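1. Task: produce atomic coordinates for the following.
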Amino acid sequence: MSNIQLFKYFESIDDPRQQGKVVHKLFDIIFLAVSAVVSGCQGWEEIEDFGHDRLDWLRKYVLLEQGIPRHDTIARVMSRIDMTQFQDSFSSWMKACSKLTQGGVVAIDGKRLKGSFNQSDRRDALYMISAFACENGVVLAQCPVDKKSNEIKALPELLELLEIKGCLVTIDAMGCQKSIAKKIVGKEADYLLAVKANHKRLLSQIEDVLLPEVARQASDGLLFNEADYQKNREEFRCCAVSHNVSGLSETIHWEGVKTVGVIVSYRKEKGKLSNELCYRYYISSANLTAEELARGARQHWQIENGLHWRLDVGFKEDECRIRREGAAPVFAGLRHIAFNQLKAEKS
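-> Model prediction:
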């Protein structure tokens, strides 16, 4: 993920300003902002201060002929960047510098940026959905969710940005939609979707098939079992799958479905066994074994631990109060660029 590649893909973003009044080049400002966020800056004033402190280093890569712009200039320019162009540049950059593994898991999930709300309306907080390559540990693309819309409508837009041929795309129950499944298969990838009560008939049919299968495979010793051991907590999981989907009338509406599966889990906390069993159901277009389905479901949660948690702890994303119109999604994108650059740094 070299700076040369960053130049190549982000220089194409249109400058929203009147050209006769431009003092600082757009890419100079973008490069300054990216470098500052990589270094831990969390706001416009900090970006300006970073620029003054690191001006000699910055000029090795960009001219900055007029010096460092003021923080209000940085904020104004960045907030006016076309987010569609930013998304396209980001995804093109990642396609060029990150090769996905055949059969690798791409997890898609959303995150609410808690600090981006307006005081008058807390519901205005920005919601971003991201695609995360679990093996590579990098963000492949991101898409803000329109305030008047929801995650379901943003998912096709995000998928359009991705090259996921041969990958297994995992999405939680919000993305368990026939149109999303069709879109993923159309991209020559496979899906693994969590099924919950938003598809009652499908869920009921999967339960009817899999619950007897769990009992049968358990008695025959055929269940795939795994366990996690953490401080004061143990979690035990078993997984069963069925490829006999012809008897499930609801599956005919789902593009290319080949596997339905269930993961049953229970916990011990401080040595005390929980009385509750947790059942999670899945549908997939891939011909998965129980072990493969369990691994795909487990890898999906890497987007929580490997991306969302790190954005909150390392970049303090939830504390960020940038909320100017257009600025919050661009700044979130800067954090994703910084995240990927730091992930690629091996020195």
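
2. What helix or strand is the residue nearest in space to the middle of the chain located in?
-> Centroid check for the chain by C-alpha atoms, centre = their mean gives residue 130 as the closest residue, at 2.6 Å. Residue 130 is located in strand 127-133, with elements delineated by DSSP states H and E.

3. Residue 331 - nearest residue in space that isn't next to it in sequence?
-> Take residue 331 and drop its neighbours on the chain: the residue closest to it by C-beta to C-beta, 6 or more residues apart in numbering is residue 322, 5.0 Å away. Every C-beta, even on glycine, is put in place using the N, C-alpha and C of the backbone.

4. what's the closest residue to residue 154 other than its chain neighbours in contact with, if anything?
-> Using C-beta to C-beta, 6+ apart and skipping the chain neighbours, the partner closest in space to residue 154 is residue 145 (4.6 Å). For residue 145, the contact set (C-beta atoms under 8 Å, 6 or more residues apart in numbering) comprises 110, 126, 127, 128, 129, 151, 153, 154.

5. Closest one of these to residue 318?
-> residue 126 (11.1 Å; C-beta to C-beta).

6. where does the stretch 101-250 of the chain have low pLDDT?
-> Applying pLDDT under 70 to the stretch 101-250 of the chain flags residues 118-123, 147-149.

7. where along the stretch 201-347 of the chain do the helices fall?
-> 290-300, 302, 309-314, 327-344 (DSSP state H, counting those that start in this stretch).

8. What helices and strands are in contact with the strand holding residue 130?
-> Where contact means 3 or more C-beta pairs under 8 Å, 6 or more residues apart in numbering; DSSP states H and E, strand 127-133 is packed against strand 105-112, strand 138-144, helix 151-160, helix 327-344.

9. So for residue 199, which of these sits nearest?
-> helix 151-160 (12.9 Å).

10. Can you say which of the helices and strands packed on strand 127-133 is nearest to residue 276?
-> Using C-beta to C-beta, these put strand 105-112 closest to residue 276, at 24.4 Å.

11. Partner strands of that closest one, with direction?
-> Strand pairing for strand 105-112, determined by DSSP bridges: strand 127-133 (antiparallel), strand 168-171 (parallel).

12. among these, which is the most enclosed?
-> strand 168-171 (a mean of 27; mean count of other C-beta atoms under 10 Å).

13. Show me what the helix or strand just after that strand is in contact with.
-> Per DSSP H and E, the first helix or strand lying C-terminal to strand 168-171 is helix 178-186. The contact list for helix 178-186, computed with C-beta under 8 Å, 6+ apart, reads 152, 155-156, 159, 164, 169, 171, 190-191, 193, 253-257, 283, 285.

14. Just the buried positions in helix 178-186, please.
-> Using 16 or more other C-beta atoms under 10 Å as the test for burial, helix 178-186 gives 180, 181, 182, 183, 184, 185.

15. now these in CSV, with distance to residue 7?
-> Formatted as CSV, the buried residues of helix 178-186 follow (distance: C-beta to C-beta, whole Å):
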residue, distance to residue 7
180, 34
181, 38
182, 37
183, 32
184, 32
185, 36
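
16. hang on, the earlier thing: output the strand holding residue 130 as PDB, nothing but the C-alphas.
-> The C-alpha coordinates for strand 127-133 follow below in PDB (Å, rounded to 0.1, in the frame of the first residue of the first chain):
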ATOM      1  CA  TYR A 127     -24.000   4.800  10.200                       C
ATOM      2  CA  MET A 128     -21.300   3.200   8.000                       C
ATOM      3  CA  ILE A 129     -21.300  -0.300   6.500                       C
ATOM      4  CA  SER A 130     -17.900  -1.800   5.700                       C
ATOM      5  CA  ALA A 131     -16.600  -4.900   3.800                       C
ATOM      6  CA  PHE A 132     -13.700  -6.500   5.700                       C
ATOM      7  CA  ALA A 133     -11.300  -9.100   4.300                       C
END
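
17. Which residue ranges of this protein form strands?
-> Residue ranges of the strands in the chain, as given by DSSP state E, are 105-112, 127-133, 138-144, 168-171, 190-195, 224-230, 233-242, 259-269, 272-273, 278-284.

18. All good on my end, thank you.
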